[in-house]
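Trainee: build the 3D model from these lines:
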Amino acid sequence: MKIRSDFVTNSSSSSFILARKGKFTAKQKKAIAEYFEDIIFGEKIIEAKDSPEEVNEVISS
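Mentor: Residues are numbered from 1 along each chain as shown. Down below sits the predicted model:
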């Protein structure tokens with residue numbers, strides 16, 4: 001996921017704009033990312049650290 005703090009152009013993909021005065025703190029950026037992971041994207045079923053066998057097991061089920 002990309003978090004942008006500058007100009008956002010129109011595109012064909014879904015976009016979210018978070019506007020505020022000043023910059024986001026590291027804590028605020030982390031909270032936003034966690035919100036999207038938990039609420040918008042849902043439960044993680046595969047992670048980068050998973051082995052090929054674990055990935056195949058998830059895909060096959």
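
Trainee: which parts of this structure are helices?
Mentor: 26-35, 52-60 (DSSP state H).

Trainee: nearest to Gly42, of those helices?
Mentor: helix 26-35 (12.3 Å; CB to CB). Just so you know, the C-beta spots here come from the backbone N, C-alpha and C atoms, and that holds for glycine as well.

Trainee: now the chain, which segments are flagged as low pLDDT?
Mentor: Applying pLDDT under 70 to the chain flags residues 1-16.

Trainee: mind doing that once more with 80?
Mentor: Low-confidence segments of the chain, defined by pLDDT under 80: 1-20, 40-44, 61.

Trainee: ok, Ser60 to Glu54 distance?
Mentor: Relative to Glu54, Ser60 is positioned 11 Å away (CB to CB, to the nearest Å).

Trainee: these two: who's more crowded?
Mentor: The residue with more neighbours, out of Ser60 and Glu54, is Glu54; 13 against 6, by other CB atoms under 10 Å.
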